[in-house]
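J.: Sharing a model prediction with you, sequence too.
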Amino acid sequence: MLPAEQTANCPECETGAPLGRRDFIRVLGSAAAVATVGLTPLQKAAAARAEKQAQAEAMIFELYKSMDSDQKKKLVRAWDHGVNNGKGTAARLLTHNGADGKSRIGEEYNKKQVELLDKIFRAIANGEEGYKALSRNGRFDNSNDFETIGALIYGEPVEGKKFSLVFCGHHLTVRCDGNSEEKTAFGGPLYYGHSPSGYATTNVFYAQTKAAQELFTSFDEAAKKVALVSGPKWKDEHGGVKTPGKGATKLPGLAFADMSKDQKALTEKVMKALVAPYRKEDGDEVMEIVKANGGMEKLALAFYDEGKGTAATPWTFWRLEGPGFVWSYRALPHVHTFVNVTAKLA
């Protein structure tokens, strides 16, 4: 299990039906302490997450109300935009390596709206350290600053409607959707990266590389033979991050179930490093979904060398995956990471 501060909760594992997102939001506010009386501890944890999400959600409502008709025409798209006759991936769930279309914040939003967007972006992060990671020390990598990344809205940000605010920049796709995307962590697939080598301490995600390397070096030769895979080659997944289905069994690499107790603890340390930049509530949701899909025992971790491995850099990327879960992290030549965590299993 993860340390107490990151331990996940799963409302479905307790007696009593879990409350839906809007039900939680309605009971929060000044009467929150009274409203949660009678809920199970796990339901209270989910309510706390909904409250945190509602804080950012309220700012998105305010942003939407402030937009004029021209802005809405350019910057707001239908919830199912990009889906043709029920086929294909909805545009809100794609990832991007730069501003999506003409959506640059500094060019398309007024000063007050830029301030709101900045607050919303910070609300996604886990405090100042999380913000430093997601913003790449405030530089947003080659985007250079916050105002040069893009922001688009899908759906309609009003009470009772589904919506998703998507931020896109260089090595960046993150969302804030008030949990509109049901049974899905982070509102949909994530994309993040940073230009320095993943093995460099100057990379803001170095803690993730370090945690993965500690796990890798803990393997004996037999375990390394299973965990280290020669292929396939790395590929970007901007067209949609696909996760293994419910019946996925023969996954590449070393299964969590086959790891030693110490190796399992190190894998959980990797997981903690992965979710660290995001709100604790989002990290909790990741673990709830993993548990709902069968738990860590269903995951497997593969390291790939692509024929370029050295003693100092034995792998170029690794991929932790299982039913409804993919965290694919490239360290060389620099960090590219694709994430999708969902309980919507095929």
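T.: Sure thing, it's come through.

J.: which residues touch stretch 306-320?
T.: 199, 212, 216, 228, 230-231, 233-234, 252-253, 267, 270-271, 299-305, 326-332 (Cβ atoms under 8 Å, 6 or more residues apart in numbering). For every residue, glycine as well, the C-beta is placed using N, CA and C.

J.: can you give me the helices in the stretch 151-300 of the chain?
T.: Here the stretch 151-300 of the chain has its helices, by DSSP state H, counting those that start in this stretch, at 206-218, 221-227, 261-275, 280-292.

J.: right, and the ones you listed - which one's nearest Ala90?
T.: Nearest of those to Ala90, taken as Cβ to Cβ: helix 280-292 at 19.0 Å.

J.: Show me what that closest one is packed against.
T.: helix 41-66, helix 261-275, strand 335-341 (3 or more Cβ pairs under 8 Å, 6 or more residues apart in numbering; DSSP states H and E).

J.: so which of those is the most packed in?
T.: Per-stretch averages of neighbours, counted by mean count of other Cβ atoms under 10 Å, single out strand 335-341 among the helices and strands packed on helix 280-292, with a mean of 24.

J.: just checking, what packs against it?
T.: strand 190-194, helix 280-292, strand 325-330.

J.: Tell me what angle the longest one forms with strand 325-330.
T.: So the one you mean is helix 280-292. With axes from the mean of the first three to the mean of the last three Cα atoms, to 10 degrees defining the directions, helix 280-292 sits at 120 degrees from strand 325-330.

J.: go on, the shortest one?
T.: Our comparison of strand 190-194 with strand 325-330, counting by the same axes, to 10 degrees, yields an angle of 20 degrees.

J.: Could you list every helix and strand that strand 190-194 packs against?
T.: Against strand 190-194 (3+ Cβ pairs under 8 Å, 6+ apart) you get strand 172-176, strand 335-341.

J.: Centre of the chain to the longest one, how far?
T.: In this case it means strand 335-341. Using Cα atoms, centre = their mean, to the nearest Å, the distance from the centre of strand 335-341 to the centre of the chain it belongs to is 8 Å.

J.: Contacts for that strand, please.
T.: Contact with strand 335-341 is made by 95, 171, 184-186, 188-194, 196-198, 203, 205, 209, 234, 236-237, 241-243, 274, 286, 289-290, 324-330, as judged by Cβ under 8 Å, 6+ apart.

J.: mind putting the helices of the stretch 151-300 of the chain in a markdown table, mean pLDDT and distance to Gly130 included?
T.: Output for the helices of the stretch 151-300 of the chain, formatted as a markdown table (pLDDT from 0 to 100; distance: least, Cβ to Cβ, whole Å):
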| stretch | mean pLDDT | distance to Gly130 |
| --- | --- | --- |
| helix 206-218 | 97 | 12 |
| helix 221-227 | 95 | 29 |
| helix 261-275 | 97 | 10 |
| helix 280-292 | 93 | 10 |
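
J.: Distance to Asp80 added to those, as CSV?
T.: CSV is the format used below for the helices of the stretch 151-300 of the chain (distance: least, Cβ to Cβ, whole Å):
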stretch, distance to Asp80
helix 206-218, 33
helix 221-227, 40
helix 261-275, 29
helix 280-292, 23
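
J.: Poorly predicted segments of the protein, please.
T.: Scanning the chain for pLDDT under 70 picks out the ranges 1-38, 40-46, 48-50, 52-53, 85-87.

J.: Any figure for the gap between Lys112 and Ile124?
T.: Distance of Lys112 to Ile124, computed by Cβ to Cβ, to the nearest Å: 20 Å.

J.: which one of those two has more residues nearby?
T.: For Lys112 versus Ile124, neighbours defined as other Cβ atoms under 10 Å are more numerous around Ile124 (22 against 11).

J.: Test my guess that the more buried one contacts Glu281.
T.: No. Using Cβ atoms under 8 Å, Ile124 makes no contact with Glu281, being 10.4 Å away.

J.: Setting aside sequence neighbours, what's the nearest residue to Asn142?
T.: Excluding its sequence neighbours, the residue lying closest to Asn142 (Cβ to Cβ, 6 or more residues apart in numbering) is His170, at 4.2 Å.
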